[in-house]
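S.K.: quick one: sequence plus predicted model below, questions after.
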Amino acid sequence: MSKQLIFIIVTLLTLGVFTFTISRIVSFLKLTKPGFPIDRISERINLTLLVAFGQTKILRRPVIGFMHALVYWGFLVITIGTLEMVVDGIFNTERILAGTGAFYDFVMWSGEVFAAIIIISCIIFLVRRHIIKVKRFSGAEMTKASSIDATIALTMITLLMVSLLGTNLGYIALNTSYYGSFPVSKIFLPMVSSWETESLHSLEQTGWWIHIVLVYLFANILPYSKHFHVFMSVPNVFLSRLEPLTKIQNMEEVTKEVKLMMDPDTAFANPPEGEAAAEPSRFGVKDVEDVSWNNYVDSLTCTECGRCTSVCPANITGKKLSPRKIFIDLRKRMNEKGPGLVKEGMSFSDNKSLVGDYVSAEELWACTTCNACAQECPVNIDQPSLIVDMRRYLVLEESSAPAQLNAMFANIENNGAPWPFPPTDRMKWAEEIYTAN
Ligand code: SF4
Ligand code: SF4
């Protein structure tokens, strides 16, 4: 079988598995509720350029942030070379972009430099994770599987870069005149100067195949790991909320109920003939089918970096809450319940729920809604709004709130104010002033 045919089969298999994975995610997405509208497009484009491509939030921690940004920018450049490899593989060509002259020189040159930077960065990231054991990477939600996931991804990225440099080294060693500029591979040229043509050809081909197979494997592993952010971070930043973080959204369901109460004709009107009465929807978020699509996309984008948890005042002061855990839990719960909901419909139940079985009331009530987590998140995940929605479920559907809050709710209901005094006593504080005058 020719190299071209093998490559086409491998590419089709990869696309098949990838399409299956994405259609599964889309089917889960369809289970979620509407989110906020996608408007103010120019603002969104600016935000994406700054936060996603410019990595501005990552760069708040200058040293490690800069290394992460270099890895990200490097990936963007190297992707051009990878696309060239795919086209070469399918059409049995060699370096199809070589005719682009100075552009090709620039892409190859920067790709090599970035490959070297990425290798060094990945080694440093592995050392931080496994030897220095940075606190941010620990926590109840950071399981062994999560650590293995990160290690596999960092190792794969390193191998991707090594194989890329190996391919380039074979290429420049085989050809006295070649296209492109390869500053890093050139350094290693003396090491292979005595190699036979056949060995150099094997080096180039082995590097090429290892690189492309790793790219394909990586693309299919990513959606099942925290590294899905490689795909998701740009769309998630583009789709993130533009309103001030402190603005708490009104509940549509409550607004509707109030409107119905204010307009009894509508409230007590019979539904039009042939139509069933509207089912009252759930207040707040109990399980995955109650979250908005923004929440679910956020959960797919979470890199588990722990920046949110590291600035959370509740977590810092020893409370059980970790904003990172909330989104890891949402992703896990969707993977658990999503297939049942897709197969059997929205009435499917496995007698478990996100609130209660995954996220406890203790975690939810520890949140001060300070928004430090959302401010810090490098991919613009909105943690507080999901926490507030889960609390809304506890209050409105379970009548479950801390005693202090229940007392305040009772006061609002009875006195029209959060204080335990009837409205008739409201001016008592001023009585002495009136008497004195
Ligand atoms: S909003 Fe809540 S979860 Fe986020 S940092 Fe503040 S206390 Fe922690
Ligand atoms: S929510 Fe954001 S800050 Fe927190 S772990 Fe996920 S990506 Fe990092």
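M.R.: Arrived safely. Ligands and ions are numbered 1, 2, ... in the order given.

S.K.: spell out which parts of the stretch 251-400 of the chain neighbour ligand 2.
M.R.: Contact residues (C-beta under 6 Å from any ligand atom) of the stretch 251-400 of the chain with ligand 2: 302-308, 323-324, 327, 376-377, 379, 381, 383. Glycine gets a C-beta too; all of them are placed from N, C-alpha and C.

S.K.: pLDDT on stretch 99-106, on average?
M.R.: Mean per-residue pLDDT for stretch 99-106: 91.

S.K.: buried residues, it. List them.
M.R.: residue 104 (16 or more other C-beta atoms under 10 Å).

S.K.: returning to that earlier point: which of the residues of the stretch 251-400 of the chain next to ligand 2 lies closest to residue 207?
M.R.: residue 303 (28.9 Å; C-beta to C-beta).

S.K.: these two touch, right, the closest one and residue 231?
M.R.: No - the pair residue 303 / residue 231 is not scored as a contact, 11.8 Å apart, by C-beta atoms under 8 Å.

S.K.: between those two, who's got more neighbours?
M.R.: residue 303 (21 against 15; other C-beta atoms under 10 Å).

S.K.: tell me the secondary structure for that one?
M.R.: Of the three states, residue 303 takes coil under DSSP: H, G, I helix; E, B strand; the rest coil.

S.K.: so where is this structure shaky, pLDDT-wise?
M.R.: 264, 266-280, 437 (pLDDT under 70).

S.K.: what residues of the strand or helix carrying residue 125 count as buried?
M.R.: Assigned by DSSP states H and E, residue 125 falls within helix 102-127. Across helix 102-127, burial judged by 16+ other C-beta under 10 Å covers 104, 107-119, 121-122, 125.

S.K.: tell me if I'm right that residue 379 and residue 301 touch.
M.R.: Yes - counting by C-beta under 8 Å, residue 301 is a contact partner of residue 379 at 5.0 Å.

S.K.: compare those two (neighbour count), which wins?
M.R.: residue 301 (26 against 22).

S.K.: any idea how far the residue nearest to the spatial centre of the chain lies from ligand 1?
M.R.: A centroid search over the chain (C-alpha atoms, centre = their mean) returns residue 301, at 0.9 Å, as the residue closest to the centre. Plainly put, residue 301 is 17 Å away from ligand 1 if you go by C-beta to the nearest ligand atom, to the nearest Å.

S.K.: and that residue, what does it touch?
M.R.: 228-229, 232-233, 236, 379, 381 (C-beta atoms under 8 Å, 6 or more residues apart in numbering).

S.K.: from those residues, which land in helices?
M.R.: Among the contacts of residue 301, the members found in helices (DSSP state H) are 229, 232-233, 236.

S.K.: between those, which is nearest residue 350?
M.R.: Looking across the ones in helices among the contacts of residue 301 and measuring by C-beta to C-beta, the closest to residue 350 is residue 232, at 26.5 Å.

S.K.: ok, the closest one touching residue 297?
M.R.: Yes - under the criterion of C-beta under 8 Å, residue 232 makes contact with residue 297 at 7.0 Å.

S.K.: looking at these two, which one has more neighbours?
M.R.: residue 232 (22 against 19).

S.K.: could you find the closest non-adjacent residue to the more buried one?
M.R.: residue 301 (4.1 Å; C-beta to C-beta, 6 or more residues apart in numbering).

S.K.: around ligand 1, pick out the residues from the protein.
M.R.: Counting by C-beta under 6 Å from any ligand atom, the chain sits next to ligand 1 at 312-314, 321, 323, 367-373, 383-384, 387.
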